[in-house]
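Asks: Have a look; sequence and predicted model below, questions after that.
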Amino acid sequence: MQKGKIRVQDFLARLPLFNELSAQELDCVALGTTQQHVARKEMVFHCGDTCTGLHAVVYGQIKLSVISPLGEEKVVRLVGPGDSFGEALMFLGKPYIVSAQALSDSLLLHVTKAAIVDELRRDPDFACKMMAGMSARLHALMRDVEAYSLRSGTHRVISYLLAQKGQPEPGENVPALRVQLEAGKKMVASRLNLTPEHFSRILHELGTRGLVAIHGRDIVIPDPSKLRAACAY
């Protein structure tokens, strides 16, 4: 996407949360929306800041993270184009429990709580979509807790790789896929609750077994069915 000003209504209309609103309704939401350019490494907000609305990513990537009592960072979520964050805390009226930082130059839309509440009061279907979105986030969080508690590191890495959107690898007889890590290895390792060293060891082991081929942030999966089967062990 071109890095510049956008027509807010056009982008909002592509978000799952707003894609069924009429043009007039989108105009109303857009009145409570501001564009926010964030440079790489710049903070969007800090843990403890007041939550005044939700953010949607137009382009770029945002890291949501927390800091442990020992000062170690844990990546909670990586947010890319077309995704949003901050919905739940907006309704609780509580400060942010995570910090948000741009991993690349990014353009965000900030939709105020007032604009969202006005639409919720007017349209019950919009309220249902908002609840569905937050329920999906809760379900994803529960899956993460299950993975951290019950699944091995290898299982977590394999599940992560298979969940990425891959591109068919040309010139292969089997349906090989090339996927790209959504961030640097250290960041992805934290997202999977692994140390960077453990994450690298697992990738190396999978490579030794012929299940993946590593090319920087690009990972080629020669046979996804074999990699999927490895989760059973």
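Replies: Now that the structure is in, tell me what you want to look at.

Asks: Report the contact partners of residue 204.
Replies: Residues in contact with residue 204 (CB atoms under 8 Å, 6 or more residues apart in numbering) are residue 214. Just so you know, the C-beta spots here come from the backbone N, C-alpha and C atoms, and that holds for glycine as well.

Asks: Can you tell me the SS state at it?
Replies: When classified by DSSP: H, G, I helix; E, B strand; the rest coil, residue 204 comes out as helix.

Asks: Nearest spatial neighbour of the residue sitting nearest the centre point of the chain, chain-adjacent residues omitted?
Replies: Nearest to the mean C-alpha position of the chain, counting by CA atoms, centre = their mean, stands residue 79 at 3.1 Å. Leaving aside its chain neighbours, residue 79 sits nearest to residue 62 (4.4 Å; criterion: CB to CB, 6 or more residues apart in numbering).

Asks: Might one say that that neighbour is in contact with residue 44?
Replies: Yes: using CB atoms under 8 Å, residue 62 is in contact with residue 44, at 6.3 Å.

Asks: which helices and strands does the helix of greatest length in the chain pack with?
Replies: With DSSP state H setting the assignment, residue counts place helix 124-150 as the longest helix in the chain. For helix 124-150, the elements it packs on are helix 87-92, helix 113-122, helix 153-163, judged by 3 or more CB pairs under 8 Å, 6 or more residues apart in numbering; DSSP states H and E.

Asks: average model confidence for the longest one?
Replies: Read it as helix 153-163. On average, the pLDDT along helix 153-163 is 90.

Asks: Tell me the predicted confidence for the closest residue in space to residue 109 that isn't next to it in sequence.
Replies: Closest residue to residue 109 in three dimensions, ignoring its sequence neighbours and counting by CB to CB, 6+ apart: residue 56, at 4.5 Å. Reading off the confidence values, residue 56 has pLDDT 94.

Asks: For this protein, which segments count as strands?
Replies: Ranges of strands in the chain, per DSSP state E, are 33-38, 43-45, 53-59, 62-67, 73-79, 84-85, 99-102, 106-112, 167-168, 177-180, 213-215, 218-221.

Asks: one step back: can you name the residues bridging to the residue nearest to residue 79?
Replies: Here residue 62 shows beta-bridge partners residue 79, residue 102, assigned using DSSP bridges.

Asks: Thank you kindly, that will do.
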